[in-house]
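Engineer: With the sequence up front, the predicted model follows.
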Amino acid sequence: MRWVLLLSFVVAACGDDGTPVFPDDYEATYTEVRDCRQSGDHDLNNIRVLADPAALGPYQDRTTPFPEGAVVIKVQYEFGDIDCSGEVQRVTAMEKLAVGSDPTNLDWFWQSVDGDGKVLDEQLPRCAGCHQGCGVPPDGYDGTCTLP
């Protein structure tokens with residue numbers, strides 16, 4: 001019974017209830033750490049990368065550990081939207097978990113959300129698989145693949 005309660009708590013804490021791990025007002029509360037550009041992955045869409053206040057320092061300095069609960073998002077726009085001014089197609093989020101809690105997923109919780117805020121997928125194996133090689137600065141840091 002304790003295992004079921006613990007698992008329920010972990011699932012709820014990671015947004016598995018269909019709630020995005022980032023707020024609706026992320027544009028006002030997160031900082032852009034990578035401007036609009038085409039992504040070699042994520043369906044070749046144009047993307048912007050934003051970090052919440054807890055993730056901002058570690059993302060930029062590449063030496064400070066991401067604290068548990070820090071969130072980095074990749075906001076995706078249509079292929080032809082070269083200035084990322086149009087409608088958001090998808091947001092891919094990564095939320096930092098406790099160190100050592102989920103090594104298979106690089107201690108990140110992965111989530112894909114459509115432009116309307118509906119959670120589409122969580123913990124897809126391809127997320128951690130692609131980000132596996134993104135741990136070494138300057139090209140990546142702790143599973144984040146993009147340069148600031």
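Structural biologist: Thanks, I have it.

Engineer: show me where pLDDT drops low in the protein?
Structural biologist: Residue ranges of the chain with pLDDT under 70: 1-17, 42-43, 146-148.

Engineer: Let me see the ranges of the helices in it.
Structural biologist: Ranges of helices in the chain, per DSSP state H, are 2-13, 26-29, 53-61, 125-131.

Engineer: Please work out which residues outside the third one touch it.
Structural biologist: Under the criterion C-beta atoms under 8 Å, 6 or more residues apart in numbering, residues 29-31, 33, 51, 64-67, 69-72, 96, 141-142, 144, 148 lie in contact with helix 53-61. Glycine gets a C-beta too; all of them are placed from N, C-alpha and C.

Engineer: run the last query once more with 6 Å
Structural biologist: 31, 33, 51, 64, 66, 67, 70, 71, 72, 148 (C-beta atoms under 6 Å, 6 or more residues apart in numbering).

Engineer: Just give me how far that helix sits from the chain centre.
Structural biologist: Taking C-alpha atoms, centre = their mean, to the nearest Å, one finds the center of helix 53-61 at 13 Å from the center of the full chain.

Engineer: How many residues are close by the residue nearest to residue 104 when sequence neighbours are not counted?
Structural biologist: Closest residue to residue 104 apart from its sequence neighbours, by C-beta to C-beta, 6 or more residues apart in numbering: residue 128 at 6.5 Å. Using other C-beta atoms under 10 Å, residue 128 has 19 neighbouring residues.

Engineer: Give me the nearest residue to residue 68, chain neighbours excluded.
Structural biologist: That would be residue 98: by C-beta to C-beta, 6+ apart, it lies 5.1 Å from residue 68.

Engineer: Surely that neighbour touches residue 70?
Structural biologist: No: here residue 98 lies out of contact with residue 70, judged by C-beta atoms under 6 Å, at a distance of 11.6 Å.
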